[in-house]
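Engineer: Quick one, structure for this:
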Amino acid sequence: EVTTVIPVLTQGLSGIIVGIVTQLAGGVRKVMATICGLILTCLLQQILLGMHLSWSVLAAVPLVAGGIYLHASYPPRTQTLAK
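Structural biologist: Coordinates of the predicted model:
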């Protein structure tokens, strides 16, 4: 069905765009592209499929975007083994 193909293509296109931005611009812009891709996916799903976003999606998208930003801003510290 066409309704199955649209989200798959949207996710695939988002992934390709993120890969290109990461390769050309680096990690900071990758974070912004990931967040924009997440938001773009939600918007296209609503526009093209006419689906209304649920409250759980409306709550999850900002939380995930914030988590991605925080993880990129403050990456986990790596432990070094004493020799």
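
Engineer: does residue 39 count as helix, strand or coil?
Structural biologist: Classification of residue 39 by DSSP: H, G, I helix; E, B strand; the rest coil places it in helix.

Engineer: ok, now how distant is residue 31 from residue 70?
Structural biologist: Per C-beta to C-beta, to the nearest Å, residue 31 is found 10 Å from residue 70. Placement of C-beta: from N, CA and C, glycine included.

Engineer: Those two: which is more packed in?
Structural biologist: residue 31 (20 against 11; other C-beta atoms under 10 Å).

Engineer: so that one touches residue 72, yeah?
Structural biologist: Yes - here residue 31 reaches residue 72: they are 4.2 Å apart, a contact under C-beta atoms under 8 Å.

Engineer: contacting residues for residue 21?
Structural biologist: 29-30, 32-33 (C-beta atoms under 8 Å, 6 or more residues apart in numbering).

Engineer: now the strands: where do they sit in the chain?
Structural biologist: For the chain, applying DSSP state E gives no strands.
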